[in-house]
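Trainee: Predicted model and sequence below, questions to follow.
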Amino acid sequence: GVGQSIDGSGGSMRIQPFFSRTIGLDNAGNPIPIDAGGRYVHRSSRRNYGAMLIRQRELDESPGTNFFVGRFSENFGAQNRIGGLVTVKNQPGGSNIVSTIDGFFRLGESNSLTAMVMHSNAGASGRSGFAGIAQYYNSTNRHKIWWTQSVVTKDFNPEMGFVARHDILGTTPGMNWFYRGRLLPFKKLIRAFEPGFLPEFYHQVSTGKLVERQLLFFPVWINFQKGGYFGYSVNPVYQGLTESFEPLGIKIAAGDYHYFRQQFWYSTDPSKIINLLGQTDWGTYFNGRLFSTDLTLQFAPLPHVSIAGRFNRNSFREVGENKTTQSIDLYSIEGRFALNPRLQLIGFYQKNSENKSDNYNIRLAWEYSPLSYVYVVLNKRGFEELNQIRKNEDHAVLKLSYLKQF
């Protein structure tokens with residue numbers, strides 16, 4: 001896929017023709033049994049190719065489904081690549097087929113271009129669609145400049161993939177400046193000053209109308225010598241909603257909205273035994289106000305042990321059609337324990353105050369041979385429906401993979 005980098009560059013538009021979690025899960029995230037499957041992979045310094053075929057069992061309202069993925073890529077020149085991908089999701093009502101051509105091109109030491117074009121067939125819907133995205137980067141030790149151009153038609157439908165928006169033309173340029181020069185103060189404390197400008201513009205393909213504009217600006221971003229950071233951003237936003245939507249259950253009517261958000265970003269030294277990181281943002285939000293905070297406290301007393309607790313709160317004030325005022329909290333805790341690099345136990349628990357859900361996931365992973373694994377996974381999902389009936393779902397999964405090199 002092509003999308004946003006971990007440092008926020010590249011724009012938030014994301015298009016991914018294949019996403020593995022679309023297999024074995026329904027639209028609500030509930031597991032569906034897999035009857036059988038197989039995968040073949042070939043890797044070399046010149047080319048890579050492979051295929052995967054999986055049969056998903058019929059369950060309740062989900063019909064029996066066959067999944068196929070085929071991939072080929074060829075390396076050429078110093079650092080260039082071109083490839084193709086085909087996905088097929090076959091159900092009794094028809095097949096969804098998505099064809100993709102992609103490439104990465106190194107245009108000198110500082111410049112690169114990534115591009116991808118996709119087509120989805122008509123399938124059961126009777127409508128075919130197109131999507132494309134191109135991303136240019138100019139990166140040096142003094143700056144990072146990018147331009148991402150994307151288009152997704154209204155009927156593009158990658159059922160085995162993911163696309164952030166439909167019927168959209170996205171234009172997301174931007175720049176980060178890296179300053180480590182002699183005018184930088186407190187050099188024993190501060191490693192770099194890195195302000196940035198990350199605007200995003202989205203037009204509706206079918207009408208040409210501007211539907212969203214963000215002018216995200218970081219006048220302050222400081223990286224500290226010991227790995228922490230502090231940032232402050234402002235973001236004037238325009239959104240022209242063509243239809244209503246419901247963030248966290250709050251209905252916001254279609255219409256034109258102008259609002260202004262501010263945000264702090266912060267992290268202490270991540271190499272320490274205890275590390276705090278988070279972000280806090282506030283300001284107007286559509287026709288009301290929103291205050292949000294996201295905090296993670298990590299405890300890592302040993303190289304093989306890490307425990308992290310996370311708290312997220314969204315406080316709405318007179319937002320939406322009903323002028324809703326409410327706070328929604330999300331709590332989670334995650335633990336990672338590694339006896340050695342090949343044997344790891346990962347546990348995750350989450351509680352959501354919106355629907356009173358309680359979920360946990362425990363996974364034991366053992367690499368018994370190079371790139372061959374045994375997974376034992378336990379899931380529990382507890383939630384309260386609209387009629388206030390409490391439901392619990394428990395799942396256990398055993399997965400064995402074996403890699404044989406020829």
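Mentor: Yep, that arrived.
Trainee: contacting residues around Arg317?
Mentor: 288-291, 325 (C-beta atoms under 8 Å, 6 or more residues apart in numbering). C-betas here are computed from N, CA, C, even on glycine.
Trainee: got a pLDDT number for it?
Mentor: Reading off the confidence values, Arg317 has pLDDT 96.
Trainee: just to revisit the earlier point, could you single out the nearest of the contacts of Arg317 to Glu243?
Mentor: Taking C-beta to C-beta as the measure, Glu243 sits nearest to Gly288 out of the contacts of Arg317, at 19.1 Å.
Trainee: For that closest one, give the beta-bridge partners.
Mentor: Tyr285 (DSSP bridges).
Trainee: Please apply the same query to the one 10 residues further on.
Mentor: Listed beta-bridge partners, Gln298: Asn275, Ala308 (assigned using DSSP bridges).
Trainee: Then the one 4 residues further on?
Mentor: On the basis of DSSP bridges, Leu302 is bridged to Val305.
Trainee: Against Phe348, how distant is it?
Mentor: Distance, Leu302 to Phe348, by C-beta to C-beta, to the nearest Å: 20 Å.
Trainee: between these two, which one's more packed in?
Mentor: Phe348 (16 against 9; other C-beta atoms under 10 Å).
Trainee: Check what pLDDT that one gets.
Mentor: Phe348 is given a pLDDT of 93.
Trainee: Show me what the helix or strand bottoming out on mean pLDDT in the chain is packed against.
Mentor: Within the chain, no helix or strand scores below strand 390-401, which has a mean of 75 by mean pLDDT, DSSP states H and E. Other helices and strands packing on strand 390-401, by 3 or more C-beta pairs under 8 Å, 6 or more residues apart in numbering; DSSP states H and E, are strand 372-384.
Trainee: in its sheet, what does the strand it packs on sit against?
Mentor: In the sheet, strand 372-384 lines up with strand 357-369 (antiparallel), strand 390-401 (antiparallel) (DSSP bridges).
Trainee: Using CSV, list the CA coordinates for that strand.
Mentor: Taking Å, rounded to 0.1, in the frame of the first residue of the first chain, the C-alpha atoms of strand 372-384 are listed here in CSV:
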residue,chain,number,x,y,z
SER,A,372,8.0,-21.4,10.8
TYR,A,373,5.7,-20.7,13.7
VAL,A,374,3.2,-22.1,16.2
TYR,A,375,0.5,-19.6,17.4
VAL,A,376,-1.9,-20.1,20.2
VAL,A,377,-4.5,-17.3,20.4
LEU,A,378,-7.3,-16.7,22.9
ASN,A,379,-9.9,-13.9,22.4
LYS,A,380,-12.8,-12.7,24.5
ARG,A,381,-15.2,-10.0,23.4
GLY,A,382,-17.9,-8.7,25.8
PHE,A,383,-20.3,-5.9,24.9
GLU,A,384,-23.7,-4.5,25.6
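Trainee: pLDDT on it, on average?
Mentor: 81.
Trainee: Mind listing residues that contact that strand?
Mentor: With contacts defined as C-beta under 8 Å, 6+ apart, strand 372-384 is touched by 30-31, 355-368, 390-403.
Trainee: Make a PyMOL selection of the buried ones in those.
Mentor: Of the contacts of strand 372-384, the buried ones go into a single PyMOL selection, burial set by 16 or more other C-beta atoms under 10 Å:
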select buried, resi 31+359+360+361+362+363+365
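Trainee: Which strands or helices does the strand or helix carrying Ala134 pack on?
Mentor: Assessed by DSSP states H and E, Ala134 sits inside strand 129-139. Applying 3+ C-beta pairs under 8 Å, 6+ apart, one finds that strand 129-139 contacts strand 111-120, strand 143-152.
Trainee: Turn the ones you listed into TSV, columns for distance to Pro185, mean neighbour count and mean pLDDT.
Mentor: Shown next, in TSV, are the helices and strands packed on strand 129-139 (distance: least, C-beta to C-beta, whole Å; neighbours: other C-beta atoms under 10 Å; pLDDT from 0 to 100):
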stretch	distance to Pro185	mean neighbour count	mean pLDDT
strand 111-120	33	19	95
strand 143-152	21	20	96
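Trainee: What's the separation between Gln16 and Thr148?
Mentor: Where Thr148 is concerned, Gln16 sits at a distance of 14 Å (C-beta to C-beta).
Trainee: what's the spacing between the least confident helix or strand of the chain and its chain's center?
Mentor: Computed by C-alpha atoms, centre = their mean, to the nearest Å, the chain-centroid distance of strand 390-401 equals 24 Å.
Trainee: ok, now stretch 284-302?
Mentor: On C-alpha atoms, centre = their mean, the centre of stretch 284-302 falls 17 Å from that of its chain.
Trainee: buried residues in it?
Mentor: Applying 16+ other C-beta under 10 Å to stretch 284-302 flags 284-286, 288-290, 292, 294, 296-298, 300 as buried.
Trainee: Now do that stretch, average pLDDT.
Mentor: The model assigns stretch 284-302 a mean pLDDT of 96.
Trainee: Number of residues surrounding the closest residue in space to Thr296 that isn't next to it in sequence?
Mentor: Setting aside the residues directly before and after it, Thr296 is nearest to Arg310 in space (C-beta to C-beta, 6 or more residues apart in numbering), at 4.6 Å. For Arg310, the neighbour count with other C-beta under 10 Å is 17.
Trainee: for the record, mean pLDDT for the strand holding Ala134?
Mentor: 95.
Trainee: got the contact list for it?
Mentor: 2, 9-10, 13, 15, 110-120, 144-158, 163.
Trainee: All set, thanks.
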